[in-house]
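Peer 1: need a structure here:
(one chain, ligands or ions: 1)
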Amino acid sequence: MPRHLDHWTLLGCGALGGVLAGLLAEAGNQVSLLRTNDAEVRLPLQLSWWDLQGHEHHFEPDFLQTKDAANIRLLLVTTKAYQVQSALEPLIGQLPSATPILLLHNGMGTESWVRRAFPDNPLLLMVTSNGALRLGSEAFRHTGAGETWIGPANAAARAWQPLAELLARALPHAGWSEAIHHKQWEKLVINAVINPLTALSGERNGSLLQRQDEVEALCEELLPLLQRHGLSGDLAYWRDKVLQVARLTADNYSSMQQDLACGRPSEIDFITGFVLREAQEAKLHLPLHQQLYQAIKAKETP
Ligand code: KPL
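Peer 2: Prediction:
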């Protein structure tokens, strides 16, 4: 089993990153936060987070900068998808090639760049349905228990399967998946339906329970693409899967709704944009998803 498994360095500390940092620290792992940009950090860094039972926790992670890259043994990237490249770029040639990189974000499409930039590092992908909320720059709340999966994106990553056990000690449910791309696609379908619809309406996820025809039509358009990527499941399967998440997260605002409401860029290029690029390659037309993409882009750019 590779050494230093219990020292995690997190790049990106948004809602999910903050909660993961808290859960990992609570389970006895050493947690460091890395900044590769010049953003100022107030030290000592004190993170507060609230668990699912509403209990408050505090901890003080180490704070690392790009110059400390040689000491990073395990890198968990939890930035938004559109920040992955700029956040990792300063680490090219600095990060030890034996250090595994774990990518965790909504959407797909960052993997090929990371693969090119860090060709020798073990590359793992992570998918989670845990809910998290950012309450302030250093305060987070775990809002929903979910499943977490990690799996290999290259051959070197296969030796890192024990990470799944380590995560399982910290998170409600975590496991290893050799079919991690399928897990990513499943989450992608959910995000491609729930996120743009709620971001445009400004409503909570539960509002989609009254819009089942639209949910179904969006799922139907995706079916040929999903089949092409080896995902079985008929229309009823995908519609019910999306509606189940809408039901379980009924009181939540989707991340895209929150991003647009706060004037931040959205992850649309890595969710619907990724879907449309894949569809184009397969010569498939997805007019409803195309419309959603354009509508979000119009709302995103003032
Ligand atoms: O992942 C999500 C998101 O908001 O990005 C869902 C599952 C839709 C929960 O809100």
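Peer 1: rest of the way, CA atoms for contacts and neighbours
Peer 2: Noted.
Peer 1: got the residues of the stretch 201-302 of the chain near the ligand?
Peer 2: The stretch 201-302 of the chain comes close to the ligand at residues Asn252, Tyr253, Ser254, Ser255, as judged by C-alpha under 6 Å from any ligand atom.
Peer 1: do you know how far Lys241 is from the ligand?
Peer 2: Distance, Lys241 to the ligand, using C-alpha to the nearest ligand atom, to the nearest Å: 11 Å.
Peer 1: my bad, should have said His289
Peer 2: His289 is 16 Å from the ligand, by C-alpha to the nearest ligand atom.
Peer 1: Would you verify that that residue is located in a helix?
Peer 2: Yes - under DSSP: H, G, I helix; E, B strand; the rest coil, His289 falls within a helix.
Peer 1: Correct me if wrong: it contacts Leu218.
Peer 2: Yes - contact status for His289 versus Leu218: in contact at 6.9 Å, counting by C-alpha atoms under 8 Å.
Peer 1: what about stretch 150-168, average pLDDT?
Peer 2: For stretch 150-168, mean pLDDT rounds to 96.
Peer 1: try stretch 51-60
Peer 2: Here stretch 51-60 scores 94 as its mean pLDDT.
Peer 1: Can I get that stretch in CSV? Just the C-alpha atoms.
Peer 2: Taking Å, rounded to 0.1, in the frame of the first residue of the first chain, the C-alpha atoms of stretch 51-60 are listed here in CSV:
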residue,chain,number,x,y,z
ASP,A,51,-22.1,18.1,10.1
LEU,A,52,-25.3,16.4,9.1
GLN,A,53,-26.5,16.4,12.7
GLY,A,54,-25.9,20.1,13.0
HIS,A,55,-22.8,19.8,15.2
GLU,A,56,-20.2,22.5,14.8
HIS,A,57,-16.5,21.5,14.2
HIS,A,58,-13.4,23.6,13.9
PHE,A,59,-10.0,22.8,12.6
GLU,A,60,-6.8,24.4,11.4
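Peer 1: Contacts for it next, please.
Peer 2: The contact list for stretch 51-60, computed with C-alpha atoms under 8 Å, 6 or more residues apart in numbering, reads 22, 25, 44-50, 141-145.
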